[in-house]
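Asks: the sequence isn't on hand, but the structure is:
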């Protein structure tokens, strides 16, 4: 039985999905638009797109950890 204020794991995963998918799409669009405004120097663009391609991992990691957290484990 869940205590007040706790969400079911299934609901947390659904919320994470509805945040992650549009969030990643918006991030990709913004990163691409910003990359298009940079000077066309190969090394600069390469460095930017590598950094932009990895930058989304940290926020997604926190969201997925939240969604996968087991509330029963904290009570033991």
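Replies: Cool, the structure landed. Bear in mind that the values here come from a model prediction, so they are computed numbers and not experimental data.

Asks: nearest spatial neighbour of the spatially most central residue of the chain, skipping sequence neighbours?
Replies: Nearest to the geometric centre of the chain sits residue 60, at 2.4 Å (Cα atoms, centre = their mean). Spatial nearest neighbour of residue 60, chain neighbours left out: residue 20 (6.2 Å); criterion: Cβ to Cβ, 6 or more residues apart in numbering. C-beta here means a position set from N, CA and C on the backbone, and glycine is covered the same way.

Asks: surely the one you found meets residue 62?
Replies: No. Using Cβ atoms under 8 Å, residue 20 is not in contact with residue 62, being 11.0 Å away.

Asks: ok, and what's touching stretch 39-46?
Replies: If you take Cβ atoms under 8 Å, 6 or more residues apart in numbering as the criterion, stretch 39-46 is touched by 35, 38.

Asks: how about a cut-off of 6 Å?
Replies: By Cβ atoms under 6 Å, 6 or more residues apart in numbering, no residue outside stretch 39-46 reaches it.
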